[in-house]
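Q: My questions concern the predicted model and sequence given below.
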Amino acid sequence: MILVSAILLPVLAMSFWLYVRARPQGQPPEAVRRFDAATLGLVVATSVGMALYLWLTIGQGVDRAWWPVLAVFVGIVATIVILVVAGLIRARRFRGDAGQ
């Protein structure tokens, strides 16, 4: 478990850093802010939804002590994937030549 967190947490930090660092310049800040808020909402909704799903499926069984651990791991992986995909979409959507 330590090895997994030693891999996932730096990858999460790197994906978050890249998402923040690669903000498009010269674009309307309101539109970029709305996109970032939607991305954050998607991350939170996915993490909460997966935690609820794991609690309903695993939390009621014999392995009920593991659902919070699995929910954290799934939340980290989902956050990494969402940040990478949203960063690519944001870069494509808010290109400098998109309006020309």
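A: Thanks, I have it. Residues are numbered from 1 along each chain as shown.
Q: Flag the shaky bits of this protein, pLDDT-wise.
A: For the chain, the stretches flagged by pLDDT under 70 are 3, 96-100.
Q: can you map out the helices along it?
A: Assigned by DSSP state H, the chain shows helices spanning 2-21, 29-57, 67-93.
Q: which one is the residue positioned nearest the centre of the chain nearest to, not counting chain neighbours?
A: For the chain, the residue nearest the mean C-alpha position is Thr79 (2.1 Å; CA atoms, centre = their mean). In space, and not counting its chain neighbours, Thr79 is closest to Val43: 5.2 Å by CB to CB, 6 or more residues apart in numbering. (Glycine included, C-beta is placed from N, CA and C.)
Q: Packed most tightly, which of the helices of the chain would that be?
A: Between the helices of the chain, helix 67-93 has the highest mean count of neighbours, a mean of 16, where neighbours are mean count of other CB atoms under 10 Å.
Q: Return the distance of that helix from the chain's centre.
A: Once both centres are worked out by CA atoms, centre = their mean, to the nearest Å, helix 67-93 turns out to sit 3 Å from its chain's centre.
Q: That one to helix 2-21, inter-axis angle?
A: 30 degrees (axes from the mean of the first three to the mean of the last three CA atoms, to 10 degrees).
Q: What is helix 67-93 packed up against?
A: When contacts are defined as 3 or more CB pairs under 8 Å, 6 or more residues apart in numbering; DSSP states H and E, helix 67-93 sits against helix 2-21, helix 29-57.
Q: Quick one: closest of the ones you listed to Val84.
A: Proximity to Val84 (CB to CB) singles out helix 2-21 among these, at 5.8 Å.
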